[in-house]
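Undergrad: What follows is a protein structure lacking sequence information:
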């Protein structure tokens, strides 16, 4: 079983829709939770990070962490065609030897006109 | 302020050969991490360098090795290339903080 599970999609939504992306994890030591966006043939771009549980909002993006359920979410409001990309969740245990990130497989999102 | 840069962008090698990939970290960042991303997968942690010392390693064999230089740029070396080494190799730099790892565009390696 992978430490981080993420539905690979693809997820197709119309422009303006609210998008919900999710990951589950098994390692209760994870404390930092991140979402990256990756366009085709590009490197991942950091969208948001959260420490421990709670919500964080940045413009059209909201990240939620529920440590009791080992479940994290990213919501995108008023989705745009430019949001079409692969979204990767990542997490880390700050007490580990290195600040390595453990990623999900990524969810491919397509926002259609 | 320049971001993370990597070279080359693309590379084709044959099985058994050796390859060196290069990364320049973002200005002021002293920590560099390397990841391997196979097609359709999330990045997998290879190792991390902090102030020129290896600071942690993922589940990769010893033929994957690295260096970090005094200016914090870094190299990833892979010996005895195998077909499964074909992937996008990503470098990420940070100032020690887990939550602030910034990725470069990657080097796409194809092993034939």
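TA: Cool, got the structure. Treat the numbers as computed from the prediction; the structure is a model and nothing was measured.

Undergrad: Make sure residue A:82 is indeed in a helix.
TA: Yes. Using DSSP: H, G, I helix; E, B strand; the rest coil, the assignment for residue A:82 is a helix.

Undergrad: how close does it get to chain B?
TA: Going from residue A:82 to chain B by Cβ to the nearest Cβ, to the nearest Å gives 18 Å. Any C-beta I mention is one placed from the backbone N, CA and C, and that applies to glycine too.

Undergrad: show me the contacts for the closest residue to that residue other than its chain neighbours.
TA: The spatially closest residue to residue A:82, leaving aside those adjacent along the chain, is residue A:111, at 7.9 Å (Cβ to Cβ, 6 or more residues apart in numbering or on different chains). Contact analysis of residue A:111 by Cβ atoms under 8 Å, 6 or more residues apart in numbering or on different chains lists A:12-15, A:17, A:19, A:79-84.

Undergrad: mind running it again at 6 Å?
TA: If you count contacts by Cβ atoms under 6 Å, 6 or more residues apart in numbering or on different chains, residue A:111 has them with A:13, A:15, A:79, A:81, A:83-84.

Undergrad: How many residues are close by residue B:59?
TA: 7 (other Cβ atoms under 10 Å in any protein chain shown).

Undergrad: Confirm it sits in a strand?
TA: No. Assignment of residue B:59 by three-state DSSP gives coil, placing it outside any strand.

Undergrad: and stretch B:90-109, how far from the chain's centre?
TA: 8 Å (Cα atoms, centre = their mean, to the nearest Å).

Undergrad: Can you point out the buried residues in that stretch?
TA: Within stretch B:90-109, the residues scored as buried using 16 or more other Cβ atoms under 10 Å in any protein chain shown are B:90-94, B:98-109.

Undergrad: Now, of the contacts of residue A:111, which are buried?
TA: Buried among the contacts of residue A:111 (16+ other Cβ under 10 Å): A:13, A:79, A:83-84.

Undergrad: all strands for chain B, in order.
TA: Counting by DSSP state E, one finds strands in chain B at the ranges B:5-7, B:10-13, B:19-24, B:31-37, B:44-50, B:53-57, B:64-68, B:74-78, B:87-94, B:102-103, B:107-111.

Undergrad: Now do the fifth one and strand B:53-57, the angle between them.
TA: I take that to be strand B:44-50. 150 degrees (axes from the mean of the first three to the mean of the last three Cα atoms, to 10 degrees).

Undergrad: pLDDT on strand B:44-50, on average?
TA: For strand B:44-50, mean pLDDT is 93.

Undergrad: for the last one, same thing?
TA: For strand B:107-111, mean pLDDT is 98.

Undergrad: go on, the first one?
TA: The predicted model gives strand B:5-7 an average pLDDT of 96.

Undergrad: Then the fourth one?
TA: Averaging pLDDT along strand B:31-37 gives 95.

Undergrad: repeat for the third one
TA: Model confidence over strand B:19-24, given as mean pLDDT, is 98.

Undergrad: near chain B, which residues of chain A?
TA: A:32, A:42-44, A:49, A:88, A:92, A:94, A:97-100, A:103-106 (Cβ under 6 Å from any Cβ of the partner chain).

Undergrad: same thing but 10 Å
TA: A:2, A:4, A:6, A:8, A:31-34, A:36, A:38, A:41-46, A:48-51, A:86, A:88-94, A:96-106, A:108 (Cβ under 10 Å from any Cβ of the partner chain).

Undergrad: doesn't residue A:38 make contact with residue A:84?
TA: No. Applying Cβ atoms under 10 Å, one finds residue A:84 not in contact with residue A:38, separated by 11.3 Å.

Undergrad: Thanks a lot, see you next time.
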